[in-house]
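What shape does this take:
(chains A and B)
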There are 2 protein chains.
Amino acid sequence: MNLNGLIDALKGPKVITDAAAVRRMSRDYYWYSPILKRQLADVTGDVLLEAHSEADILEIAAACYAHDVPLTVRGGGTGNYGQAMPIRGGALLDMRAMDQLLWVKDGVCRVQAGKRLITLDQELAEHGYEMRLHPSTRTVATVGGFIAGGSGGVGSINWGMLRETGNILGARLVTLEAEPRVLELRGADIAKFNHSYGVTGIITELELPLANAQLWIDAVVTFDDLLSAARFGKAFAESPGLVKKQCGVMAPPIAHTYLRPIAQYVRADEACALVMVASQSWEGFETLVAAHGGRIAHDSRTAPATGKRVPLYELCWNHTTLQALKVDPTLTYLQTLLPAQNCVELADELQRHFGEEVMFHLEFTRSGPAISCSAIQMVRFTTEERLNEIMVYHEQRGCRQFNPHVYTIEEGGMKQVNHVQLAFKREVDPKGLLNPGKMMAWDNQDALADI
Amino acid sequence: MNLNGLIDALKGPKVITDAAAVRRMSRDYYWYSPILKRQLADVTGDVLLEAHSEADILEIAAACYAHDVPLTVRGGGTGNYGQAMPIRGGALLDMRAMDQLLWVKDGVCRVQAGKRLITLDQELAEHGYEMRLHPSTRTVATVGGFIAGGSGGVGSINWGMLRETGNILGARLVTLEAEPRVLELRGADIAKFNHSYGVTGIITELELPLANAQLWIDAVVTFDDLLSAARFGKAFAESPGLVKKQCGVMAPPIAHTYLRPIAQYVRADEACALVMVASQSWEGFETLVAAHGGRIAHDSRTAPATGKRVPLYELCWNHTTLQALKVDPTLTYLQTLLPAQNCVELADELQRHFGEEVMFHLEFTRSGPAISCSAIQMVRFTTEERLNEIMVYHEQRGCRQFNPHVYTIEEGGMKQVNHVQLAFKREVDPKGLLNPGKMMAWDNQDALADI
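From the prediction side, this is the model:
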């Protein structure tokens, strides 16, 4: 790595070498995990580069290649697995100045990768559209970061995850070669860059299909217990006639104890569902709530009794964990896919088994034809050993763990080589300089056998 | 029945007694079934009444009650099971002059029951909306007739059937009593009038949730065989990232031999899928077609090579049967729900079993969480006995038959007493004058045991 060579070579991009500034931009929300917190605490890049144009990016890519400098592309830095942390140092590329909405037409938009999702949605609203999917971090996260480091979120109850055919239409990428190329990937080629943590090229633009904007109502629905709330959540997710965007279900005492903005609506012994439903579906929603013995404790058509309004999606997905960490910083979490056929009953059974040590938080999403139920459980952390025991118990009961305490693509999710992305990386990043250390298959395929 | 008493009593509504005109308005598309054709050929009402206002309807209801005249409410008369045929004579009520779109707001519309669906969609388009669901007969059918006599259709691949919670918001009904009342039914009460063939009150207005209008593309996709086409159809229906409205799958030689507008695109030995997909989902659709070995033979962005353009939905659902009857009037049809877990393989197996006698036509719809697959098979009719044998064989293979050769609600569908509708009928039609003979439970509950 010839860092000075890189810095000297760059004429267009802004170069920041102040160590504190670079270190600040080397973080993400890895610290939700006590394990990653220990492993990644000292990670920092060496230099921060700011791109304002594709020309800047082409210049950066060529210079990194020439001087063997690792390059980690950054959006809002809202990931939880160290996705965008430069574990081998080198240069950071801040994309946030590339934030233009290029066009909107017939339910499709083309946008620069550094655009923040909330600003994107505000501009799309002027055209009658909104993003199909966004993470709970939409205020800070960028669209490029979401596609490269995310997998789904708010809206997945309707559209499934980002990887479902049709949820991404295309991307423009810059390669990291002696003479960087600009590629347009579409159709089946989308799998080459989606959820690859930025190791398969620098995404500069994205073309995405949109949803028609809806008048959403946030609703807090309380239930006597987790089982009732989860049954409601599943039935709601499975109702094709109800237009919805989100349904998170919280076992007691999560909402009352940890979710301050809604603690006033949910007793400590109550479970709840946090829901986004279209105004046109409100009456059918009320019918379904009543049929499941739920009580609508609050909805966003009236102001909160106390405190300021917080969108419910900022209490769901991994924001549930964030809100809880504000109350109790010793907590941590898991991510578990429950088997579709008995997800509700199994969640209840596991909650009873673990008692206060593990608090169940469920998110319902579509997955092909079926409704999937993922748990993002909060865990009272004691030791790494015990955390692993808890994960193993889930696996023994038929669950699939997406370990949030590891930083490689493979360990977190697929547990196997992604041959499409590996082959594509050989084409576009022959020196392996993009976000190194995140794709195990690149560094050491054999190690994968041990996951 | 004191018909003259009725006619003398009516001051507001238009009264038509011309026998030919009354008989013309006593028909529907019952003649698709050779059995109903024989049973219902002579059915006719005695007088035709035209309502232009709710006041007219209140007057008609009171007069029919006073003079014991059966009253059968009529929309476009596009049903296939004699739904709106006055099998015990009496008065027909033509609702088609009550055709105002009353309001559209936040994804909901309120409309008079006699409005034709195609006109409704045209007016909704000005607001950026369209109906979630419509039958293939949308050019002629009315919205009231669809809710009272239909169950789903185009759009059900996304929204499920009309009965799903949230697909109907409310209705205004006039009762048939000495002093007719006007009721507003909403929420859980919707089950009281949905798909009741008009025996539980006279629907005057409907409140319906809408879909955002999309730029739909019609596409004809060809496949080597039924199995490939059906597998594609199921995968397409199960793709949450692809915005779609319709997918009908036809075994060979249906499209080439019977569907004249598209015969030019499909060889006699090819199966095909007839699809409506949103323009924003076209590329993902192409990816999916390619993955299933399909060939896009035509799409509606280009003019047909020969002949005039026909919307593909007019070749789907029971329009497939209609198109085929134009070519071969000796054909008839079945309606079969295939078990979700092996629908594709079973359709292929049944097609092989029956050979040329039964030609499989499949429609994919959502049903709660799952994708359902209904067959509307065309059958080379020989005898009623053989038709029954074919139905029994389907049932033995795990299918559920919705017999289209009967005219009562129960025999066609549910095969059991609908206690909600029966109790409600006692309230709103104590003399049983509304469309008599269609609800077995009213006339003779015991007979239901024999279905």
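
low-scoring stretches of the stretch 351-451 of chain A, by residue?
Along the stretch 351-451 of chain A, segments meeting pLDDT under 70 span A:414, A:447-451.

What parts of it come near chain B?
A:R366, A:S367, A:G368, A:P369, A:A370, A:I371 (C-beta under 8 Å from any C-beta of the partner chain). Where C-beta positions appear, they are placed from N, C-alpha and C, glycine not excepted.

A:A297: which of those is nearest?
A:I371 (24.1 Å; C-beta to C-beta).

Just give me the neighbour total for A:R260.
With neighbours defined by other C-beta atoms under 10 Å in any protein chain shown, the count for A:R260 comes to 16.

so which strand or helix has A:W103?
Assessed by DSSP states H and E, A:W103 sits inside strand A:101-105.

Return the set of buried residues in that strand.
A:L101, A:V104 (16 or more other C-beta atoms under 10 Å in any protein chain shown).

Same question for stretch A:1-20.
A:M1, A:L3, A:L6, A:I7, A:A9, A:L10, A:P13, A:V15.

same deal with stretch A:382-395?
Quick answer for stretch A:382-395 (16+ other C-beta under 10 Å): A:L387, A:I390, A:M391, A:H394.

which residues sit in contact with the closest residue to the third one other than its chain neighbours?
Spatial nearest neighbour of A:M391, chain neighbours left out: A:Q401 (5.0 Å); criterion: C-beta to C-beta, 6 or more residues apart in numbering or on different chains. Under the criterion of C-beta atoms under 8 Å, 6 or more residues apart in numbering or on different chains, the contact partners of A:Q401 comprise A:L334, A:Q335, A:T336, A:L337, A:M391, A:H394, A:E395.

Least confident secondary structure element in chain A?
helix A:409-412 (a mean of 86; mean pLDDT, DSSP states H and E).

Dump it to CSV, restricted to CA.
What follows is helix A:409-412, C-alpha atoms only, in CSV (Å, rounded to 0.1, in the frame of the first residue of the first chain):
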residue,chain,number,x,y,z
ILE,A,409,-20.6,-11.8,4.0
GLU,A,410,-20.5,-15.5,4.2
GLU,A,411,-20.5,-16.0,8.0
GLY,A,412,-23.4,-13.6,8.4
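
same for that helix, what does it pack against?
helix A:440-443 (3 or more C-beta pairs under 8 Å, 6 or more residues apart in numbering or on different chains; DSSP states H and E).

next one: the helix it packs on to chain centre, how far?
Using C-alpha atoms, centre = their mean, to the nearest Å, the distance from the centre of helix A:440-443 to the centre of the chain it belongs to is 22 Å.

I figured A:L92 hits A:V22, correct?
Yes - at 6.7 Å, A:L92 counts as touching A:V22 under the criterion of C-beta atoms under 8 Å.

Between those two, point out the one with more neighbours.
Taking other C-beta under 10 Å, A:L92 and A:V22 do not tie; A:L92 has more neighbours (27 against 19).

Grab the nearest non-local neighbour of the more buried one.
A:G45 (4.2 Å).

and what of A:P70?
A:G90 is the one closest to A:P70 (C-beta to C-beta, 6+ apart), at 3.1 Å.

Touching, that neighbour and A:V73? I think so.
No - counting by C-beta under 8 Å, A:V73 is not a contact partner of A:G90; they are 11.5 Å apart.

who has more neighbours, the two?
A:V73 (30 against 23).

what distance separates the strand or helix carrying that one from the centre of its chain?
According to DSSP H and E, A:V73 maps onto strand A:71-74. Offset of strand A:71-74 from its chain centre (C-alpha atoms, centre = their mean): 17 Å.

other SSEs contacting that strand?
Under the contact definition 3+ C-beta pairs under 8 Å, 6+ apart, strand A:71-74 sits against helix A:54-67, strand A:91-94, helix A:143-149, strand A:202-212.

Make JSON lines from those and add mean pLDDT to it.
Formatted as JSON lines, the helices and strands packed on strand A:71-74 follow (pLDDT from 0 to 100):
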{"stretch": "helix A:54-67", "mean pLDDT": "98"}
{"stretch": "strand A:91-94", "mean pLDDT": "98"}
{"stretch": "helix A:143-149", "mean pLDDT": "96"}
{"stretch": "strand A:202-212", "mean pLDDT": "98"}
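
Can you tell me which of those is packed in deepest?
Compared across the helices and strands packed on strand A:71-74, helix A:143-149 shows the largest average neighbour count, a mean of 29 (mean count of other C-beta atoms under 10 Å in any protein chain shown).

Now do the next helix or strand after it: which elements does it pack against?
Once helix A:143-149 ends, the next helix or strand along the chain (criterion: DSSP H and E) is helix A:156-159. Using 3+ C-beta pairs under 8 Å, 6+ apart, the elements in contact with helix A:156-159 are strand A:244-250, strand A:361-367.

so A:I409 makes contact with A:N194?
No - taking C-beta under 8 Å as the definition, A:I409 is not a contact partner of A:N194, at 11.3 Å.

Show me what residue of the stretch 251-400 of chain A gets nearest to chain B.
Residue nearest to chain B within the stretch 251-400 of chain A (C-beta to the nearest C-beta): A:G284, separated by 3.0 Å.

which SSE is that residue in?
Per DSSP H and E: helix A:282-291 holds A:G284.

what does A:L120 give?
Applying DSSP H and E as the criterion places A:L120 in helix A:117-125.
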